[in-house]
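A.B. asks: Show me the folded form of this:
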Amino acid sequence: PALPPTLLEQALLAVQGFEDAGARAQGLVAVAAVLAEPAQTELVHEALGLTGNVADATARTMTLSGMVGALTRGGSFEAALRAAEGIDEERVRAHALGTVAEAFARHGQGSRAVEIATRALEVAPAGERAQIVSAVSGVARRLAEEGEQHEAAEVAAQALSASEVMGAGAEGVRALGEVA
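C.D. replies: Numbers count the residues shown, from 1 in each chain. The predicted structure is shown next:
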């Protein structure tokens, strides 16, 4: 939604006045979401840079995770990927990567979706793999809906393999069934 330039300027000034780096980063992403390029990219880069100043690991994880959601909703998938990769906690990073992979799949970028879904499965801690397999199954479904059958089959096979490794093949089998 387009906002009047004066309102955008006021919002940006307010956000830049936030003392907390995490709040400032999230605010910059929120403002960036309503801007056109190249201003949008500039603010997103600034926001990603600020996350390094968030000393508390949990707060940094929450900030980056929130940024992933906002950036994928805004269509800034590469920036969302950078934010996801910056998350220290493996479980949250795996979920964030799954979100980014699904966004790429929804927008017809199957090869990127496969690559990112693979990373999500690789970084998922053993106890969290069932949830990540479920998310990756969603990526396979999206790819199949977009007509990218080869990519969908590749992701589904990875989901099946990960499911078998953890002894819970149902999600992987479901993923293969949705692609077929």
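A.B. asks: Quick check, pLDDT for Pro1.
C.D. replies: Note for Pro1: predicted pLDDT of 54.
A.B. asks: actually Leu64, not the one I wrote
C.D. replies: Per-residue pLDDT puts Leu64 at 90.
A.B. asks: swap in Ala175?
C.D. replies: 48.
A.B. asks: before we move on, what about Ser163?
C.D. replies: pLDDT, Ser163: 66.
A.B. asks: now swap in Thr61 and tell me
C.D. replies: Per-residue confidence (pLDDT) for Thr61: 90.
A.B. asks: Check whether it sits in a helix, strand or coil.
C.D. replies: The assignment at Thr61 comes out as helix when based on DSSP: H, G, I helix; E, B strand; the rest coil.
A.B. asks: That one touches Asp88, doesn't it?
C.D. replies: Yes - between Thr61 and Asp88 a contact is recorded at 6.1 Å, counting by Cβ atoms under 8 Å. C-beta here means a position set from N, CA and C on the backbone, and glycine is covered the same way.
A.B. asks: which of the two has more neighbours?
C.D. replies: With neighbours defined as other Cβ atoms under 10 Å, Thr61 and Asp88 compare such that Thr61 has more, 21 against 11.
A.B. asks: Please tell me how far the more buried one sits from Gly110.
C.D. replies: Thr61 sits 29 Å away from Gly110, going by Cβ to Cβ, to the nearest Å.
A.B. asks: And Ala140, by the same measure?
C.D. replies: From Ala140 to Gly110 the distance is 10 Å (Cβ to Cβ).
A.B. asks: got it, and Ala11?
C.D. replies: Taken as Cβ to Cβ, the span from Ala11 to Gly110 is 36 Å.
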